[in-house]
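A.B. asks: need a structure here:
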Amino acid sequence: MPTSDSSIFNPDQLVSNLQLLNNIGRLLEIDSSQIDDGEIFLTKLRKLQNIYYLTQNRLDTFDVILPTIQQNYIEMTNLAKVLHEKQQKIINCQNAKFDEYESTRMTTMAEMKFVENKLQSFDINAKPPVTHTQIEKLQK
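C.D. replies: All right, here's what the predicted structure looks like:
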């Protein structure tokens, strides 16, 4: 007797079909007490189909806006690079100005010290030497 004949009862196939229905029921969140007829499956399948369409619409919307998001990300990354470069230029300029200021300050301090030393070397009470030409100028 061939087992492929549909008129012959096949207990293995029946068990397999029941297991399949049980697995589908678990996927559709149906417990065994709700499986009295196939109507519960249709209701759940319609609900799943609606969820599928909603999800697909959201994915389609995301596919539409994804290039814009990617372009905005690229632009923001480029702007961040430009901002970083400009900040670095400002910092470098500030450092150069500070170095110039420090150099000028140090030069001025050295010149002040030189002048102070020169002034200290002069004796205010001493009379400066008078040269012959200066005496002649005074006599005229």
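A.B. asks: just the helices in this protein please.
C.D. replies: 11-27, 39-121, 132-139 (DSSP state H).
A.B. asks: Can you add mean pLDDT and mean neighbour count and give those helices back as a markdown table?
C.D. replies: Any C-beta I mention is one placed from the backbone N, CA and C, and that applies to glycine too. Shown next, in a markdown table, are these (pLDDT from 0 to 100; neighbours: other CB atoms under 10 Å):
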| stretch | mean pLDDT | mean neighbour count |
| --- | --- | --- |
| helix 11-27 | 76 | 11 |
| helix 39-121 | 91 | 10 |
| helix 132-139 | 79 | 8 |
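A.B. asks: if I look at the residue nearest the centre of the chain, how far off is Ile65?
C.D. replies: In the chain, the centroid-proximal residue (CA atoms, centre = their mean) is Thr77; its distance is 7.8 Å. Distance, Thr77 to Ile65, by CB to CB, to the nearest Å: 18 Å.
A.B. asks: what do you get for Lys113?
C.D. replies: 70 Å.
A.B. asks: same check, this time on Pro129
C.D. replies: Separation of Pro129 from Ile65 (CB to CB): 95 Å.
A.B. asks: Please apply the same query to Gln19.
C.D. replies: Taken as CB to CB, the span from Gln19 to Ile65 is 43 Å.
A.B. asks: How about Val130?
C.D. replies: If you go by CB to CB, the gap between Val130 and Ile65 works out to 97 Å.
A.B. asks: and if you look at Gln120?
C.D. replies: 80 Å.
A.B. asks: Leu28 now?
C.D. replies: Distance from Leu28 to Ile65, by CB to CB: 32 Å.
A.B. asks: Alright, I will stop here.
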